[in-house]
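*Asks:* when you get a sec, could you give me coordinates for this:
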Amino acid sequence: MKRKLLSILLLAAAMVANAGQKISGGNETLPSPRTNETSQSAPSKGKYDSFKVSIYVRAYEVDKMKDMHWLDSTWNVISRQLDVDKIYLETHRDLLIVDDATLDQAKKFFQSKGIETAGGITYTIDESNSFETFCYSDPEHRKMVQKIAEHTAKHFDEFILDDFFFTSCKSDIEIKTKGTQSWTDYRLKLMTEAGRNLVLNPAKKVNPKVKVIIKYPNWYDHFQGLGFNLEQGPQLFDGIWTGTETRDPGSNQHLQNYLSYNVIRYFHNLRPGHNGGGWVDSGGIQMGMDRYAEQLHLTMLSKTPEIILFAYNQLIGVDLRPEFRTPWQGQGTSFNYDEMVAPFKQKDGSTVVPTTMARIAGVTLRQTDELTKKLGNPVGIKSYKPFHALGEDFLQNYLGMIGLPMDMYPAFPTDQKVVLLTAQAAKDPTVVDKIKKQLQSGRDVVITSGLLKSIPEKIAEVSELRCTDLKAIVNDFGKYGQSKREFLIPQVLYQTNDCWEIVSAGRPLTGGVSGYPIVLRAPFSTGNMYVLTIPDDMGNLYDYPASALNEIRRIMSKDLGIYIEGPSKVGLFLYDNQTLVVENFNDEPVEIHVVADEKMASKLTDLLGGEVLNYITTVSLDKRNPSIRQNVFRLSLLPHSYKAFKYSK
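*Replies:* Numbering: from 1, shown residues only. Predicted coordinates:
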């Protein structure tokens, strides 16, 4: 049945190329646009100081825009609550192709409002059927994919491919064509070829000016298995985009809040200057308005130049509800529900009563714009993630949630005092040579227990360590305090006096007498290799006592000269213009310390309020380098709130 439907749609898609034809019933079409026509109408000045705000419109809603009353009334709902710079009009989703006339009408409407327009494609056959994708070795499907790209390029000088330019198809055609290759190897080659020959080349033949952007979703550690090629894709396409949705961190994809920032930084490092922006949907808003606002805010803390709000239907259809007001509201938190839902006046003097989530986006992004324009370029602890690597999936986002500023790179960093290596680094067969070179230059590496377990024979060239299959139940960290619950860690074993335990954990509260390394130091040449034990459930990193986390932060922050002390679920964001943001992801207030090299900071100045925070004491926390002294600043953070500072001498 679907093959027959595809055949019918192929014929319909071919008709799109002819002026005056229709794809389906509806209004008569206008003449087809000239291929050299500019499809964007850029306003002379954006509505925000440091980024653009855009909306993505699914093909379902674009198709409804043939009805001018529906278009005008729905746009009025959004535009009265949210300032918008750009609209992405989707031409295809789930075998629905929007006709020429409707696309032309929608473009002209938005351009008359001073809104830039661009196109979009979602290459799904049936999104409701586990995101059913096209089969890119099927000749019939290939023709359809190409026709959709040509149709879109005819109307727009820029279009973006939504999340689904991958393949999960395991049809008989794909099984036969794959042969003896792994699914990962097969799909990487297949989708790279399809991107070039079915989308890019045909689109540019129709419209030589067109820019084709691929939007990568948020599940980056698993891309290669479905054909997303981060090694070649960012170089192949004209630009990339980043899915920064994290929604409910405890369900489905288990993506932690910090990913909304971290994934932008990773994609930026794949091809600097070509990551166009972040992309957030309404998922997670059921957890409270704060959760949605945080995703928007964290995306923009990455200093990305644009954000796309997905999608038009959500911005008109998700109504403000009392349950969006979380229990910790009313304390003066950064994201203030009561202010967001209160009536407000527009420039023309009229009063608007907020009705949908568009108002939440409008207030959050306007508030974040005031902050981000004062921030420099992000900096962090560099972590090496080779292309197509698996292992300790998404760990860097958990580390970000315990206050470690992350910055992932596809190449081994050679300019750092400390480099972080997770199990993913085992993908590089020369990684131990790189480790030894780093250590012999007097610098450090931090490896995880996962990397040790992956390549113990190679790590033995530095230190004869083992990460066994045995587990330990721990709840007590000795002088570093106790966790609130017991949890499992892998047992890391070492030879006495060859390595030194910095942080240990055991189970004395329930009668146990054994202890196991949480942080282990293995000297080599003039450097140190540290082993960081990762619990079986990475979420148990949040259960490490604050003092243990402080030690981890101190060891890993040597390149930054600044770190935080305090509980987990507090993020630190650093920038190269001596600014920083600290953000509390907990449901309750927390008190933290900002610890900075005394040569870097003797005061913190609030970026938004101007108040000056002086240090409370000066300490020397590195016993091996007592001459290095730090100034300590104390500050409090309300639930789901942030503070930003400029630090100076």
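*Asks:* going forward, measure contacts between C-alpha atoms and count neighbours the same way
*Replies:* Fine.
*Asks:* how about the helices in the stretch 151-300 of the chain?
*Replies:* Secondary structure of the stretch 151-300 of the chain, counting by DSSP state H, counting those that start in this stretch: helices at 172-178, 183-194, 201-206, 233-236, 259-270, 289-301.
*Asks:* and of those helices, who's closest to residue 553?
*Replies:* Of all those, it is helix 259-270 that lies closest to residue 553, at 17.3 Å by Cα to Cα.
*Asks:* elements contacting the closest one?
*Replies:* Applying 3 or more Cα pairs under 8 Å, 6 or more residues apart in numbering; DSSP states H and E, one finds that helix 259-270 contacts strand 239-243, strand 275-280, helix 289-301, helix 395-400, strand 406-409.
*Asks:* quick revisit: in CSV: the helices of the stretch 151-300 of the chain, plus distance to residue 495.
*Replies:* Formatted as CSV, those follow (distance: least, Cα to Cα, whole Å):
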stretch, distance to residue 495
helix 172-178, 47
helix 183-194, 39
helix 201-206, 59
helix 233-236, 45
helix 259-270, 36
helix 289-301, 43
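*Asks:* and residue 314, which of those is closest to it?
*Replies:* Among the helices of the stretch 151-300 of the chain, helix 289-301 comes nearest to residue 314, with 12.5 Å by Cα to Cα.
*Asks:* measure residue 77 to residue 582 for me?
*Replies:* Residue 77 is 34 Å from residue 582, where distance means Cα to Cα, to the nearest Å.
*Asks:* follow-up on the earlier one: and of the helices and strands packed on helix 259-270, who's closest to residue 359?
*Replies:* Evaluated with Cα to Cα, the helices and strands packed on helix 259-270 place helix 289-301 nearest to residue 359, the distance being 10.7 Å.
*Asks:* can you add distance to residue 555, mean neighbour count and mean pLDDT and give the helices and strands packed on helix 259-270 back as CSV?
*Replies:* Shown next, in CSV, are the helices and strands packed on helix 259-270 (distance: least, Cα to Cα, whole Å; neighbours: other Cα atoms under 10 Å; pLDDT from 0 to 100):
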stretch, distance to residue 555, mean neighbour count, mean pLDDT
strand 239-243, 31, 26, 97
strand 275-280, 31, 26, 97
helix 289-301, 25, 25, 96
helix 395-400, 14, 22, 98
strand 406-409, 14, 24, 98
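*Asks:* hmm, back to that, among the helices of the stretch 151-300 of the chain, which is nearest residue 502?
*Replies:* helix 259-270 (27.9 Å).
*Asks:* average model confidence for that closest one?
*Replies:* Mean pLDDT, helix 259-270: 98.
*Asks:* for it, buried residues please.
*Replies:* For helix 259-270, the neighbour count (16 or more other Cα atoms under 10 Å) marks 259, 260, 261, 262, 263, 264, 265, 266, 267, 268, 269, 270 as buried.
*Asks:* go through the helices and strands packed on helix 259-270 and name the closest to residue 312.
*Replies:* Shortest distance between residue 312 and these, using Cα to Cα, is found for strand 275-280: 11.9 Å.
*Asks:* can you pull out the residues in contact with the closest one?
*Replies:* Residues from elsewhere that reach strand 275-280 (Cα atoms under 8 Å, 6 or more residues apart in numbering): 239-245, 264, 267-268, 295-296, 299-300, 304-310.
*Asks:* pLDDT weak spots in this protein?
*Replies:* Scanning the chain for pLDDT under 70 picks out 1-45, 508-513.
*Asks:* what do you get if the cut-off is 80, keeping everything else the same?
*Replies:* Within the chain, the ranges that satisfy pLDDT under 80 run 1-45, 251-253, 508-514, 621-627.
*Asks:* redo the buried residues of helix 259-270 as JSON lines? Include distance to residue 431.
*Replies:* JSON lines is the format used below for these (distance: Cα to Cα, whole Å):
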{"residue": "259", "distance to residue 431": "26"}
{"residue": "260", "distance to residue 431": "28"}
{"residue": "261", "distance to residue 431": "27"}
{"residue": "262", "distance to residue 431": "23"}
{"residue": "263", "distance to residue 431": "23"}
{"residue": "264", "distance to residue 431": "25"}
{"residue": "265", "distance to residue 431": "22"}
{"residue": "266", "distance to residue 431": "20"}
{"residue": "267", "distance to residue 431": "22"}
{"residue": "268", "distance to residue 431": "23"}
{"residue": "269", "distance to residue 431": "19"}
{"residue": "270", "distance to residue 431": "19"}
